[in-house]
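Engineer: need a structure here:
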Amino acid sequence: MPLTGKERRHLRALGHHLEPVVIVGSSGVTEGVIAAVEQALNDHELIKVKINEGPEGRHEGADSIAEATGSELAQLLGRTALFFKRRKQKSRFEDILKGPHEPRPAPKQDEEKKPRRR
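Structural biologist: Numbering: from 1, shown residues only. Predicted coordinates for the structure are as follows:
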């Protein structure tokens, strides 16, 4: 299920202080890189990946990592990509993926409005 804009924005804020845990080298996205990203996603759920010059561009590299790992690309800023993959159990991000918060209850119509004190 793709992330909503609000979820993506919240993940970007949480990932701001993170350092890249996987660096894609000049060989591009290889099976070793995919395995390292999957392990990091299992451990942390939200990771940064640095994508250096390689046979494919940064957009293609980020898309191929997201597709191969089953993760969501939360942000691609320069050569740094932020990936998110929620754990099935004990996720730290349960609260942001529950959906919109409860709306405020509507004011009751039958109550008279009290004059405001100034």
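Engineer: the strands in this structure, which residues?
Structural biologist: With strands called from DSSP state E, the chain shows them at 20-24, 46-51, 72-77, 80-84.
Engineer: where does this structure dip in pLDDT?
Structural biologist: 1, 94-113 (pLDDT under 70).
Engineer: G32: neighbour count?
Structural biologist: A count of nearby residues for G32, using other CB atoms under 10 Å, gives 11. In this view, the C-beta of every residue, glycine as well, is placed from N, C-alpha and C.
Engineer: R116 too?
Structural biologist: Neighbours around R116, by other CB under 10 Å: 5.
Engineer: try A62
Structural biologist: Neighbour tally, A62, other CB under 10 Å: 23.
Engineer: grab the nearest non-local neighbour of it.
Structural biologist: Distance criterion CB to CB, 6 or more residues apart in numbering; nearest residue to A62, sequence neighbours excluded, is A81 at 4.4 Å.
Engineer: and I47, how many neighbours?
Structural biologist: Neighbours of I47 (other CB under 10 Å): 24.
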